[in-house]
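In: here you go, sequence then predicted model.
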Amino acid sequence: MRCVIFDLDGTLADTSGDLIAAANHCFEAMGQDVRLDPARDAGIALRGGRAMLTAGLTRAGQLSDDLLDRWYPELLDAYGAALDVHTRLYPGAIEAVEALRAGGYAVGVCTNKPERLAEALLQSLGVRGLFGSMIGADTLPTRKPDVAPYWAAVDRCGGRREASLIVGDSDTDRNTAAAAGVPAILVTFAPGGQAVRDLRPEGVIEHFDELGGEVARLIG
């Protein structure tokens with residue numbers, strides 16, 4: 001089947017608020033005064049837990065590998081306990097995925113969020129059943145932009161590698177597509193905004209209403 005693989009954070013859903021809450025929980029527990037801002041630091045949040053801890057500890061002048069290693073598991077635990085308080089699917093995401101399925105496309109998820117958290121979030125949002133595969137950061141020994149997780153997502157949902165593409169929001173997704181030799185469609189409604197155009201993806205969408213047309217143009 002022709003195949004569309006989605007990133008999760010910043011592509012299917014805005015998860016930044018809950019991620020930042022987990023990071024700020026850690027900073028408070030450390031006794032640090034620094035806090036990440038849900039609006040200004042949304043882009044950092046979508047790059048994951050270590051990126052958030054690095055940003056906050058750098059601002060506090062306390063960055064060290066020991067602190068990162070100590071608090072990263074705590075951040076994951078805090079996030080896992082409250083991962084759907086502020087998180088919302090982007091407008092039109094469900095309808096776009098359902099339309100692709102109805103049109104005969106295989107669909108899956110390839111994310112750099114740990115697998116158990118990604119599975120839990122998709123279940124909580126009520127959309128796990130829409131996707132034929134779900135590959136997380138730790139499903140395989142490597143993560144995006146390495147091609148192995150992407151190919152696993154394609155293979156496990158019954159897709160054809162040569163007729164697949166990735167939908168994402170960042171340079172990680174762009175680089176994954178380039179490594180795989182497949183098209184990338186990047187979204188402008190994530191914190192990166194219009195800057196994703198500088199990555200020269202094969203497609204760009206402003207809203208999920210545009211996805212079906214871009215997919216058809218790129219892989220038929």
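Out: Right, received. Where do you want to start?

In: what's the longest helix in the protein?
Out: With secondary structure taken from DSSP state H, the chain has its longest helix at helix 65-81.

In: report the buried residues of that helix.
Out: By 16 or more other C-beta atoms under 10 Å, the buried positions in helix 65-81 come out as 67, 71, 72, 74, 75, 76, 78, 79. In this view, the C-beta of every residue, glycine as well, is placed from N, C-alpha and C.

In: please apply the same query to stretch 182-199.
Out: By neighbour count with 16+ other C-beta under 10 Å, stretch 182-199 contains the buried residues 182, 183, 184, 185, 186, 187, 189, 190, 191, 192, 196, 199.

In: hmm, who's touching stretch 73-82?
Out: Stretch 73-82 is contacted from outside by 18-19, 21-23, 25-26, 29, 49, 52-53, 114, 116-117, 120, using C-beta atoms under 8 Å, 6 or more residues apart in numbering.

In: if we use 7 Å, what do you get?
Out: 18, 19, 21, 22, 23, 25, 26, 49, 53, 114, 117, 120 (C-beta atoms under 7 Å, 6 or more residues apart in numbering).

In: got a list of what the third one touches?
Out: Contacts of residue 21 were listed using C-beta under 7 Å, 6+ apart, and they are residue 82.

In: now it: how far from residue 81?
Out: Distance, residue 21 to residue 81, by C-beta to C-beta, to the nearest Å: 10 Å.

In: can I get the helix or strand where residue 211 lies in CSV, CA atoms only?
Out: Assessed by DSSP states H and E, residue 211 sits inside helix 211-219. Provided in CSV are the C-alpha atoms of helix 211-219 (Å, rounded to 0.1, in the frame of the first residue of the first chain):
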residue,chain,number,x,y,z
LEU,A,211,-2.7,17.0,3.4
GLY,A,212,-4.6,14.7,1.0
GLY,A,213,-3.8,16.8,-2.0
GLU,A,214,-0.1,17.0,-1.1
VAL,A,215,0.1,13.2,-0.5
ALA,A,216,-1.6,12.5,-3.8
ARG,A,217,0.8,14.9,-5.6
LEU,A,218,3.9,13.3,-4.1
ILE,A,219,3.1,9.5,-4.1
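
In: please consider this matter closed, and thank you.
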